[in-house]
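Undergrad: Pasted the sequence and its predicted model underneath.
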Amino acid sequence: MATASGGSEFVDKFPDEAAIVKASFLIAFVSLGIGAFFGLIQALHRTDVLRVIDSADYYTVLTGHGVLLAIVFTIFFLCGVFHWAIARSLDRPAESALFSWAWVGLMTTGTVLATVAILGGFVPNLGMSADVLFTFYAPLQAHPIFYIGLAMFIVGTWLSGADWFLSYRAWRQDHPDERIPLQTFMVLTTMIMWYISTLGVAVSVVFFLIPWSLGLIESVNPLLTRTLFWYFGHPIVYFWLMPAYLLWYTVLPKLAGGRLFSDPLARVVFLLFLLLSTPVGIHHQYLDPGIAEGFKFIAMTNTMFLLLPSLLTAFTVVASVEHGARQRGGKGYLRWLGALPWRDPAFTGMALAGAMFAAGGFSGMINAGMNINYLIHNTLWVPGHFHLTVGTAVALTMMAGSYWLVPQVTGTKLYSRPIGLLQVIMWFVGMVFMSNAMHRAGLAGIPRRTAEPQYQNFEFLTPIGSIFELRVQIALGGTLLFLSVVLFLFNILLTSLGEESDRPVDSYLPEPLSGPEGSPRILDNLAMWTGIAAVLVVLAYTLPLAGIIQNGGGLFGGGLPVPATVSAGFDLVMTTVTSAFNTLWGVVA
Ligand code: HAS
Ligand code: CU
């Protein structure tokens, strides 16, 4: 990776792109602030420490929390990082600044509409609400404005991807024989995955949820909208994760004082995500009746394969960080850890985020096992899992990364490194309390998505510790997390208001130890990988979807209730195979 700035900062070299990155970050951070505040309300409400809202409003708060954090904060931040990464790694501005502003504008309008629909839930008699949680599948129904806002937001992300592909195409014309720069490769593969997976949610929103919420159709097939949601709902978790991986691969080694170990391995990892992210969505539906066990088993097997790219990442990123530590004089089997730049909040935040992801990945493996999943599904264990993954691996990396990225687009120095350091450590400690307690509470059977998980004449039991202690940990952890966000926003605000500096941050990124020359050219054949990914999706989803439509009363449901069946879909396979066999036999005989 050559230095993009050649001495001058990103903002001087690419002022239009820096403005887009700043706008994307601004909306991301505003959403982060509101979403974190909702999180605090929930954590205190559930644990019965402080109840400032009516329990009926809990679901409005929860929907706001999920949508603003998991969808708006993460994806707007992704857009900012990807826009930065494309311009710096291709070393050229976007083809049209107007086009870039168009997708920022569309995504922002969509966000405002969806948020207004959600907040409408607080106003009685308004007739507008969207208490459908961030997973928004039927039979819960939202006001049409919510779905329309979401649709605009997603179309906006498609346009942002188009923006980056256009830059790449223009670059390719000038550099016909060069390897795709690594950061661009990461952006493009992630976006191809996103195009494939958002098709599911687009079909669900446009053909079913919008017409249904407008009253144009009477009913929907709930299992169909659920399945289309999860078709997109698993890949979206990697859509959140890939900007964090981009930073871990291309920035973290540099912050550690070293270089990325292997460029080809990073390419393989991103390709594996492109291929395997989508044909696994059914692992969120192990308990759904109406999907054959066999299809669930296939989703489980694919999920286990999908661990590979993250395990490869753990190896490469840790090896690169260790290389950095040894460059700084670190010695011994583990003593090198002490030689790392722990005073740098950008480094420490990302390293702690990675360490927590190891734990989150572990609980993910447990979720993925069909039989163990029955134990934890719909319990507080699952929020425990995803606060380590999206809530730490992703969110903490994004906050820590901001300490290094924001100065590049504002041209001002970070306001305070000590506050930054305190902030990332506070996040880590808050999450240790909250997520460990959530996992354990889930094992005790405490449900998720519940305003008052305290029932009369019923007591949850824990093998070690007590329910009271778990509640205290969740409330304390949630409060620390909220305070950490406040510190973050304060630090970033004062950074952006600071005086311009010639060299606000050391933005040079060194070449990997093993560069792209060592990797087969076929890795860069994006059209071929897209084709394979599409085939895998067709294989994984055609039969389950056919079974769901056939047994669920058709595309729009409304038939008899779906019986709990293990043979749905399988019957269809058998009839298809038998008739194909009969036809073949007819031809032969
Ligand atoms: Fe998950 C549910 C399985 C990863 C998010 N997941 C969820 C939900 C969310 C979510 C939001 O199979 C709930 C959805 C809902 O509302 O119902 N998940 C997995 C598996 C993985 C996984 C197998 N999940 C993620 C990521 C997420 C995320 C990533 C967000 C970003 N998940 C499930 C399943 C369910 C589920 C089931 C359904 C549960 C149910 O019943 O409802 C894997 O991808 C995890 C692989 C990760 C690893 C860790 C590798 C470690 C690394 C650390 C490197 C270290 C560094 C430090 C960088 C194997 C890479 C260096 C520093 C030094 C100092 C050295
Ligand atoms: Cu998943």
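TA: That came through, no problem. Ligands and ions are numbered 1, 2, ... in the order given.

Undergrad: Point out the residues in the stretch 201-350 of the chain that sit beside ligand 1.
TA: Residues of the stretch 201-350 of the chain found near ligand 1 (CB under 6 Å from any ligand atom) are 237, 240-241, 248, 283-284, 303, 306-307, 310-311, 313-314, 317-318, 321. Where you see a C-beta, it was placed from the backbone N, CA and C, and this is true even at glycine.

Undergrad: Helices of the stretch 351-500 of the chain, residue ranges please.
TA: Assigned by DSSP state H, counting those that start in this stretch, the stretch 351-500 of the chain shows helices spanning 370-376, 381-388, 395-410, 417-443, 467-497.

Undergrad: So the first one, near ligand 1 or not?
TA: Same thing as helix 370-376. Yes. Using CB under 6 Å from any ligand atom, helix 370-376 reaches ligand 1 at N373.

Undergrad: Tell me the most packed of the residues of the stretch 201-350 of the chain next to ligand 1, by neighbour count.
TA: Of all those, W248 has the most neighbours under the rule other CB atoms under 10 Å, reaching 28 neighbours.

Undergrad: In which helix or strand does that one reside?
TA: Element membership for W248 (DSSP states H and E) is helix 235-250.

Undergrad: Show residues contacting the helix or strand that that helix is followed by.
TA: Following the chain from helix 235-250 toward its C-terminal end, the next helix or strand by DSSP H and E is helix 252-255. Here helix 252-255 makes contact (CB atoms under 8 Å, 6 or more residues apart in numbering) with 259-261, 317, 320-321, 323-324, 341, 344, 346-347, 350-351, 354, 404, 508-510.

Undergrad: still on that earlier bit, in helices only, show me the residues of the stretch 201-350 of the chain next to ligand 1.
TA: Residues of these located in helices (DSSP state H): 237, 240-241, 248, 303, 306-307, 310-311, 313-314, 317-318, 321.

Undergrad: Of all pairs in those residues, which one is the farthest apart?
TA: T303 and V321 (27.3 Å; CB to CB).

Undergrad: in the helix or strand hosting W101, what counts as buried?
TA: Using DSSP H and E, W101 sits in helix 97-119. Buried residues in helix 97-119, defined by neighbour count with 16 or more other CB atoms under 10 Å: 100, 103-104, 106-108, 110-111, 113-115, 117-119.

Undergrad: same deal with stretch 47-55?
TA: Result for stretch 47-55 [16+ other CB under 10 Å]: buried residues T47, I53.

Undergrad: Can you give me the end-to-end span of that stretch?
TA: 12 Å (CA to CA, to the nearest Å).

Undergrad: Show me what the following helix or strand past the helix holding W101 is packed against.
TA: Proceeding N to C from helix 97-119, the next assigned helix or strand is helix 144-174, under DSSP H and E. Here helix 144-174 touches helix 74-90, helix 97-119, helix 182-203, helix 210-213, going by 3 or more CB pairs under 8 Å, 6 or more residues apart in numbering; DSSP states H and E.

Undergrad: Helix 235-250 and helix 144-174, what's the angle between them?
TA: Interaxial angle of helix 144-174 relative to helix 235-250 (axes from the mean of the first three to the mean of the last three CA atoms, to 10 degrees): 40 degrees.

Undergrad: what mean pLDDT does helix 144-174 have?
TA: Helix 144-174 carries an average pLDDT of 98.

Undergrad: Now do the contacts for the residue sitting nearest the centre point of the chain.
TA: By CA atoms, centre = their mean, the mean C-alpha position of the chain lies nearest to W240, the distance being 2.4 Å. Listed by CB under 8 Å, 6+ apart, the contact partners of W240 are A70, T74, I75, L78, V390, V394.

Undergrad: ok, and the most crowded of those residues?
TA: Scoring the contacts of W240 on neighbours with other CB under 10 Å, the highest-scoring entry is V394 at 29 neighbours.

Undergrad: distance of H45 from ligand 1?
TA: As judged by CB to the nearest ligand atom, to the nearest Å, H45 and ligand 1 stand 19 Å apart.

Undergrad: repeat for G200
TA: The gap separating G200 from ligand 1 is 15 Å, by CB to the nearest ligand atom.
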